[in-house]
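**Student:** coords below, sequence missing:
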């Protein structure tokens, strides 16, 4: 159940394409980043009072849908109306976290201290205890699933020393990304203290920046659940298991905002990013997003997701999530379910393929590789890897199956193709995405990325 106060409910890293200004240049060409002189003057000094004069006292219904590769806006309604982001503010918290992971100032297994202030944040939360510590990985997972307010504050304090100092970085980055009508007062999106403000257009810009600037970390948004201190933490983004091709990214709710949602979906090699703000309920918000995605894919000449497809997806995801039985051989149905679920997102539970886990075969360990999914059955992982290796853009690259460690709890087999150059790996994933196969580029482990 969502709390009525807050739903379960952030130096840039490597870019997927072009220089740091790529995103601004592309979207400016289609008018997404247009900022008039008055707006530019208004944001010098972060004058929040101007926002208050235009922000509605209650939920504002707004939406925007764009093509993630070209930045072309497919549809929009009330996209520049100022409203409240709620937990969508945590997208910026994670943006700054991903940046720190990429520039080496933060590590996934690094433990951050929990202050009394962070532990006292209202729900929803992980229930962190003051004086304890928690890993950056678990903080990220707590935000993308439960939208944990305490986790957001721990990251803010760990990165900037205090939440107010972190909010200054959030606002500075928002300006650099062209989010001309956004202001952050805290790292969580809670209505107290202060007021966070944004628009559908600005949220779409941030989602697009997360996708292009941090393609590896973007996979965290596809996490449906994770294990934390003996508990299974379930996510709130129901489209991950009900709409084919959805792989994130974030939900949000406070009373003043209504139900908010930013979504990324891939079909036929085309990725769309949609934003719906001000939904009356979570279900009506989800239905609006589904209809908007159907219309967007139809605009690209792709068939909409039919009700039968969505029902089949829910059945297959549920089948793939059932506990594995080590003593019995996985059935063909279980293998198909695992493959289908993994092809919707490279990581379905908790883990984003840690680099430190290696198999005995270390061929290509100093080269780039691509990851194709995480599977409960080794046979399913091997089958997907073999199918991908037969594609011309994979060039017959060697296959590597990363087996679960003896102490591992997830018991997942990860399928990779190895021995790529960086350019070859990127081209292979692009080709696989066109075939609706999930793929993520994995850099050599010798790089200083999120290591222990």
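**Tutor:** All right, it came through fine. In this text the structure is predicted, and so the values were computed from the model without any measurement.
**Student:** Please name the nearest non-neighbouring residue to residue 148.
**Tutor:** Residue nearest to residue 148 in three dimensions, not counting chain neighbours: residue 142, with 3.9 Å by CB to CB, 6 or more residues apart in numbering. Yep, even glycine has a C-beta here, placed from its N, CA and C like the rest.
**Student:** What count of nearby residues applies to the one you found?
**Tutor:** Residue 142 is flanked by 27 other residues according to other CB atoms under 10 Å.
**Student:** Please work out which residues outside the host helix or strand of it touch it.
**Tutor:** Using DSSP states H and E, residue 142 maps to helix 136-146. Here helix 136-146 makes contact (CB atoms under 8 Å, 6 or more residues apart in numbering) with 8-10, 90, 93-94, 97, 101, 106-112, 124-126, 148, 151-152, 154-155, 158, 220-221, 223-226, 228, 233-236, 248-250, 350, 352.
**Student:** try it again with 7 Å
**Tutor:** 8, 90, 93-94, 97, 106-110, 112, 124, 126, 148, 151-152, 154-155, 220-221, 223, 225-226, 228, 233-235, 350 (CB atoms under 7 Å, 6 or more residues apart in numbering).
**Student:** Is residue 283 in a helix, a strand, or coil?
**Tutor:** Assigned with DSSP: H, G, I helix; E, B strand; the rest coil, residue 283 falls in the helix class.
**Student:** okay, it: pLDDT?
**Tutor:** Note for residue 283: predicted pLDDT of 96.
**Student:** go on, residue 170?
**Tutor:** For residue 170, the model assigns a pLDDT of 98.
**Student:** give me the element it is part of.
**Tutor:** Here residue 170 is assigned to helix 163-176, by DSSP H and E.
**Student:** pLDDT of the helix or strand following that helix, averaged?
**Tutor:** As assigned by DSSP H and E, the chain's next helix or strand after helix 163-176 is helix 200-213. Averaging pLDDT along helix 200-213 gives 96.
**Student:** just for the chain, where's the confidence low?
**Tutor:** 1-56, 193-194, 304-367, 405-410, 436, 445-452 (pLDDT under 70).
**Student:** do that again at 80, thanks
**Tutor:** 1-58, 192-194, 303-367, 373-376, 378-379, 393-396, 403-413, 433-438, 443-452 (pLDDT under 80).
**Student:** For it, which segments are assigned as strands?
**Tutor:** Counting by DSSP state E, the chain has strands at residues 62-67, 73-77, 111-113, 133-135, 225-228, 231-234, 246-254, 258-267, 270-279, 368-375, 399-402, 413-420, 440-442.
**Student:** Serialize those to TSV and add fields for distance to residue 163.
**Tutor:** What follows is those, written out as TSV (distance: least, CB to CB, whole Å):
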stretch	distance to residue 163
strand 62-67	27
strand 73-77	32
strand 111-113	13
strand 133-135	16
strand 225-228	22
strand 231-234	23
strand 246-254	17
strand 258-267	21
strand 270-279	24
strand 368-375	34
strand 399-402	38
strand 413-420	36
strand 440-442	32
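**Student:** For residue 210, find the nearest of those strands.
**Tutor:** strand 246-254 (7.0 Å; CB to CB).
**Student:** in its sheet, what does that closest one sit against?
**Tutor:** Taking DSSP bridges as the criterion, strand 246-254 sits next to strand 258-267 (antiparallel) in its sheet.
**Student:** Pull the residues that contact the partner strand.
**Tutor:** Here strand 258-267 has contacts from 59, 85-86, 88, 91, 203, 207, 211, 239, 243, 245-253, 271-282, 285, 289, 293, 297, 302, 433, 436, using CB under 7 Å, 6+ apart.
**Student:** are any of the residues you listed buried, and which?
**Tutor:** 59, 85-86, 88, 91, 203, 207, 211, 239, 243, 245-253, 271-279, 282, 285, 289, 293, 297, 302, 433 (16 or more other CB atoms under 10 Å).
**Student:** give me the number of residues near residue 441?
**Tutor:** 21.
**Student:** which residues sit in contact with it?
**Tutor:** Residue 441 touches 215, 216, 368, 370, 425, 426, 429, counting by CB under 7 Å, 6+ apart.
**Student:** Could you rerun that using 6 Å?
**Tutor:** 370, 425, 426, 429 (CB atoms under 6 Å, 6 or more residues apart in numbering).
**Student:** so which pair among these is furthest apart in space?
**Tutor:** Farthest-apart pair in the contacts of residue 441 is 370 and 426; separation 8.9 Å (CB to CB).
**Student:** Thank you kindly, that will do.
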